[in-house]
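Student: generate coordinates for the sequence data below:
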Amino acid sequence: MNTPILVWKFYEAPKEFQALSKHGGDEDYLAYVPDGANYNYIPWLEEGSFGVCDIHSTKVEGGTVYIGAHA
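Tutor: Model (predicted):
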């Protein structure tokens, strides 16, 4: 069974995850993918889908945070 991925509009995400952003105000969405998630490929976490122009990921305790931005 796959572990759920949590997704928020950026400013509705937990503040500790928002603080990881390097985009400076152009953020759109934020996703948390737990380490236990059994996904080999998550196509909607790519540029053009989750973030129109840029996506960056940060490893955190227990998983990875992805932040998508439009600039």
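Student: helix/strand/coil for Trp44?
Tutor: Of the three states, Trp44 takes helix under DSSP: H, G, I helix; E, B strand; the rest coil.
Student: would you check that it makes contact with Phe50?
Tutor: Yes - applying C-beta atoms under 8 Å, one finds Trp44 in contact with Phe50, separated by 5.7 Å. C-beta here means a position set from N, CA and C on the backbone, and glycine is covered the same way.
Student: who has more neighbours out of the two?
Tutor: Ranked by neighbour count (other C-beta atoms under 10 Å), Trp44 and Phe50 place Phe50 first, with 20 against 12.
Student: name the nearest residue to the more buried one, sequence neighbours excluded.
Tutor: Gly68 (4.0 Å; C-beta to C-beta, 6 or more residues apart in numbering).
Student: what about stretch 18-27, how long is it end to end?
Tutor: End-to-end distance for stretch 18-27: 9 Å, by C-alpha to C-alpha, to the nearest Å.
Student: which of the residues in it are buried?
Tutor: When burial is assessed from 16 or more other C-beta atoms under 10 Å, stretch 18-27 yields the following buried residues: 18, 21, 23, 26-27.
Student: tell me which two in those residues are the farthest apart.
Tutor: For these, the farthest-apart pair by C-beta to C-beta is Gln18 and Asp26; their separation is 12.9 Å.
Student: before we move on, back to that, residues contacting the residue nearest to Phe50?
Tutor: 27-31, 45, 50-52, 54-55 (C-beta atoms under 8 Å, 6 or more residues apart in numbering).
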